[in-house]
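Peer 1: next comes the sequence, and after it the predicted model I'd like to discuss.
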Amino acid sequence: MPKAIWISWERHRRTSTLVEHFGIPLHTLLYSGPAPVRYLVLSIRTTALLFRERPGVLVVQNPSIVLATLAILLRPLFGYRLIVDAHNEAVEPYANAGGLFKRLSAWLLARADATIVTNAFLAEIVTRHGGRPLVLPDKVPEPAPGSRVPLPNAPDAVLIATFAADEPIEQVVEAFALMPDVTLAITGRWERHRHRLPDPLPSNIRCTGFLSDDDYWQLIAAAGVVVDLSFKPDCLVCGAYEAVAVGTPMVLSDDRAIRQYFHRGTRYARPEVDDVRRAVREVLAGRQELRREALALRDELGRTWPMLADQVARELSRPQSARMAAIADTSTR
């Protein structure tokens, strides 16, 4: 099996989970500073790391698109096979939907030796651009021990929020403002995003701010419903995996990828006030049955995920071509 390493320029639970499963060393390179300086410093560190490690297989996380581009440009020098773990923004740009960004994303998809995506719909886009997709959703996470501790005064609902541009925060808050009998807790660092929330907040809504792992898991395990919505198409949101992990019913986006993967324990809603209200009411009215469905889905995904992971493992173990091995050998001299 060729030597493989994984490089990321940011911390992400998906990456940590995958490297642990595949037994690949993870090099997380971080630098805080203005974007041009950050990209220059991390590019130098990445190049130095490749000279030191000489991998036969390199896996990079995209985002960062700069890291993925650098990995493509350095491949002729080092001769590695390049696998890109492409998050939604790297396949179907939303926050950076400009023409130049989209063209660069398509160029990267076509030139990586393989691109890992979370679902079949994103895989179709990779294929359309001339790339070679591998499908591997996130692994259902293991809840922190705190999830088993009873939570007094648990909210009826939890909105999983990072206040990113793709999250319909305003629509969800308005929906709950029209349901004063239903309590909502909003996770995430909200202080810099006050403009997206009414002032004052309705009495049935509160922001949690940053939570420890134990507190976070305890909150979503105790809630009657987890709400996690996105404007992004074909996006399997992190909050859905977390809700499944503790068996909490969900309100998720009415989206083809969501419907295909999270097909039990869920009600689907468009990012519109009335549709969110309708879906939340449906979940709370049938929460016991939906909780059983969510737990059954957890078991199902626990059985099917290793089979998908095996396909990626086989890709990681493929030998370099003779040409690439010769390039790598020459570069070590």
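Peer 2: Everything's here; your move. The structure presented is a predicted model; accordingly, all values stated were derived computationally and were not measured.
Peer 1: contacts, neighbours, all on C-alpha from now
Peer 2: Noted.
Peer 1: please tell me how far the residue most central in space within the chain sits from residue 250.
Peer 2: Centroid-nearest residue in the chain, with C-alpha atoms, centre = their mean: residue 238, separated by 5.5 Å. Going from residue 238 to residue 250 by C-alpha to C-alpha, to the nearest Å gives 12 Å.
Peer 1: could you list the low-pLDDT ranges of the protein?
Peer 2: For the chain, applying pLDDT under 70 flags the ranges 320-333.
Peer 1: that one: strands as residue ranges?
Peer 2: Listed in chain order, the strands of the chain (DSSP state E) span 4-8, 26-28, 57-62, 81-86, 114-117, 133-135, 157-159, 184-187, 205-209, 225-228, 250-253, 266-269.
Peer 1: so can I have a markdown table of those showing mean neighbour count and distance to residue 45?
Peer 2: Below are the strands of the chain laid out as a markdown table (neighbours: other C-alpha atoms under 10 Å; distance: least, C-alpha to C-alpha, whole Å):
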| stretch | mean neighbour count | distance to residue 45 |
| --- | --- | --- |
| strand 4-8 | 22 | 11 |
| strand 26-28 | 16 | 11 |
| strand 57-62 | 24 | 14 |
| strand 81-86 | 26 | 18 |
| strand 114-117 | 24 | 23 |
| strand 133-135 | 23 | 28 |
| strand 157-159 | 26 | 38 |
| strand 184-187 | 23 | 34 |
| strand 205-209 | 16 | 34 |
| strand 225-228 | 28 | 36 |
| strand 250-253 | 27 | 39 |
| strand 266-269 | 24 | 44 |
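Peer 1: can you tell which of the ones you listed is closest to residue 72?
Peer 2: Judged by C-alpha to C-alpha, the one of these that comes nearest to residue 72 is strand 81-86, at 7.5 Å.
Peer 1: before we move on, the earlier item: mind listing what the residue nearest to the centre of the chain touches?
Peer 2: Applying C-alpha atoms under 8 Å, 6 or more residues apart in numbering to residue 238 gives no contacts.
Peer 1: pretty sure residue 284 contacts residue 223?
Peer 2: No - contact criterion C-alpha atoms under 8 Å: residue 284 and residue 223 do not qualify, at 10.0 Å.
Peer 1: those two - which one has more neighbours?
Peer 2: Taking neighbours as other C-alpha atoms under 10 Å, residue 284 and residue 223 compare with residue 223 leading, 21 against 17.
Peer 1: and that one, how far from residue 59?
Peer 2: 37 Å.
Peer 1: repeat for residue 280
Peer 2: Distance from residue 280 to residue 59, by C-alpha to C-alpha: 40 Å.
Peer 1: ok, residue 151 next?
Peer 2: Taken as C-alpha to C-alpha, the span from residue 151 to residue 59 is 40 Å.
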